Every structure is written in structure tokens, then in C-alpha cells.
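In: with the input below, show me the fold.
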Amino acid sequence: MMCVGNSKLFLLGTVRFLIVLVAVGFSAWLIIGFHSEIMAQLWERPESLYLVFLWHLLSWILAAFLIGITVVVSYMISQLLFSVIIMDYMSRIVENKITGRVGEPTGLSFLRFFFYLIRQEIPRTIVPVIVSLLLFFMGWFVFLGPVISILSAIAVSAFLAWDNTDIVPARRLIPFRQRFRLFLNSLPFHIGFGLPFLIPILNIAFLCFAPVGGTLYYLEREQSELNNLSDKTINPEISA
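Out: All right, here's what the predicted structure looks like:
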């Protein structure tokens, strides 16, 4: 609701959606346009009628596989080069609207802060997705393949959710190890928050506006921890 009610958040989410959509569409266009040439490099077109049918079938399977890979790669590239600024700005709007200020370090230039955010995206976005994809493909070759495939999907959803709940602590320069510990301690929430991100096509739209929900979650959790600390200070018996 906040995304729809706030024109800036809605515009930024839409811009991010268009960036990802253009990157994915262009990559898919290249794959579809040259999939025959790519297949020819792997297997020359046979003359037998039955083998030609198999050749066409495998070529389109290969095209679908490559399109799936390009979707992931395009998302990560757009995330690193474009969306990191949009995500942080959306998070700033939400935090300022909720708390009246934006908690961030002082003394850093825009370029230094920008490259810091880029470095945060590398372990937070690329590595988890690659690990999850490896688990998914491993599921095709081992006895417990279906179980591993399900676990990999759960891992992808949790990591994608963490990508949005980690914006605020990353902006505050909290060490990565501490942020990762916070992620593990709230793993059930991240799995539930990230499940909609597994829905094909719709997940692109969900991800574009997810920084709003991720920021709200972290601010609510932070406020809850402050309230608990205040209660323990006022009533020492609670911590006993």
C-alpha cells in the first residue's frame, strides 16, 4: 500500500522494473535470434527426419535453458549497475517516512558510498543465487534430487528476501558477519517473505518493490529490540 500511496516509491519501483525487463528482454531476444547458430556449434543439423525432429527439440530446450540463465544474469547485472541506487533511495524514503530521519554514516563521499554499496551486493546477491542454482542442478544428478530441488528453491527465496531486508544495516556499515547472523536468526521470516519471488514473471514486479517491505521489516525489528531493551532497563527483573 505504501508503494501505491507514495508517488516516488511507485515511480522508482516502476523504473527498476523497466530496467530489469529491458535487460531480460534484450538477452532473451539475442538467445532466440541466434539459438540455431548456437545449436549448430554443438550439433550439426542431421539429414535424417527423426534426427532432425530431435535436433529441433534439443535446440529449443537449449534456448529455454539459456533464457533462464540470462534472466538470472540480467537481474544480477541490473542489480549491481542500476538497482543498487534505486533500492537504497527507496529504502531512504521509507525510513524517513517512518522514523523522520535516515541513519547513515557521515564523512563518506557519494562515490565511496556507492562503491561500498556495490561491494555489499556481491556477497548478498551473486553468491547466494549461484549457490542456490548449483543446488538446484545437483538435484538432477543425485538420489535425493527432488528434495534438493525444493531446498534450493527455499534457499533462493530466503536469499532474495535478505537482499531487501539487508539494505538498512548495509547502509549503516554494520559488518557483514553480523548482518549474516541476523539473517540466520530470522530465517523463517525470510523464507516466507521470499516465496512470492519464485513466481515466474510476477517475481520481477515483486522484487522491484520489495525494498519497501524489507525496510519496514528491519525498522520494526529494530524498534522491537529497542523496546525490549528499554523494558529490561526499567524492570531489571525481566532479564533475571
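In: give me the mean pLDDT for the helix ranked longest in the chain.
Out: For the chain, the helix reaching the highest residue count under DSSP state H is reported as helix 202-234. The predicted model assigns helix 202-234 a mean pLDDT of 80.
In: list the buried residues of it.
Out: 203-219, 221 (16 or more other Cβ atoms under 10 Å). No exception for glycine: its C-beta is placed from N, CA and C like everyone else's.
In: same check, this time on stretch 95-107
Out: Buried residues in stretch 95-107, defined by neighbour count with 16+ other Cβ under 10 Å: residue 95.
In: that stretch: how far from the chain's middle?
Out: Remark: stretch 95-107 is offset 23 Å from the chain centroid, using Cα atoms, centre = their mean, to the nearest Å.
In: so for the residue nearest the centre of the chain, what's the pLDDT?
Out: Centroid-nearest residue in the chain: residue 160, 3.6 Å away (criterion: Cα atoms, centre = their mean). On the pLDDT scale, residue 160 is placed at 83.
In: test my guess that it contacts residue 191.
Out: No - contact criterion Cβ atoms under 8 Å: residue 160 and residue 191 do not qualify, at 10.3 Å.
In: shared neighbours of these two, anything?
Out: The contact sets of residue 160 and residue 191 do not overlap (Cβ atoms under 8 Å, 6 or more residues apart in numbering).
In: tell me the SS of residue 164?
Out: Following DSSP: H, G, I helix; E, B strand; the rest coil, the label given to residue 164 is helix.
In: contacting residues around the closest residue to it other than its chain neighbours?
Out: Excluding the flanking residues, the one nearest residue 164 by Cβ to Cβ, 6 or more residues apart in numbering is residue 214, at 2.9 Å. Contacts for residue 214 (Cβ under 8 Å, 6+ apart) come out as 91, 161, 163, 164, 165, 166, 167, 193.
In: just residue 166 next, same as before
Out: 120, 124, 179, 183, 214.
In: try residue 53
Out: Residue 53 sits in contact with no residue, where contact means Cβ under 8 Å, 6+ apart.
In: which strand or helix spans it?
Out: Using DSSP states H and E, residue 53 sits in helix 49-78.
In: now swap in residue 47 and tell me
Out: Under the assignment here (DSSP H and E), residue 47 is part of no helix and no strand.
In: quick check: residue 138 vs residue 131, distance?
Out: 11 Å (Cβ to Cβ, to the nearest Å).
In: likewise residue 17?
Out: Distance from residue 17 to residue 131, counting by Cβ to Cβ: 26 Å.
In: try residue 195
Out: Residue 195 is 18 Å from residue 131, by Cβ to Cβ.
In: quick one, the host helix or strand of residue 148 and helix 49-78 angle?
Out: Taking DSSP H and E as the definition, residue 148 sits inside helix 145-165. Angle, helix 145-165 to helix 49-78, by axes from the mean of the first three to the mean of the last three Cα atoms, to 10 degrees: 30 degrees.
In: coming back round to it: what residues does the residue nearest to the centre of the chain make contact with?
Out: With the criterion set at Cβ under 8 Å, 6+ apart, residue 160 makes contact with 129, 194, 197, 207, 210.
In: now stretch 189-203: buried residues?
Out: In terms of neighbour count (16+ other Cβ under 10 Å), stretch 189-203 has its buried residues at 189, 190, 191, 193, 194, 195, 196, 197, 203.
In: hang on, the earlier thing: who wins on neighbours among the contacts of residue 166?
Out: Most neighbours among these, by other Cβ atoms under 10 Å: residue 214, with 24 neighbours.
In: from residue 27, how far off is that one?
Out: Counting by Cβ to Cβ - residue 214 and residue 27 are separated by 26 Å.
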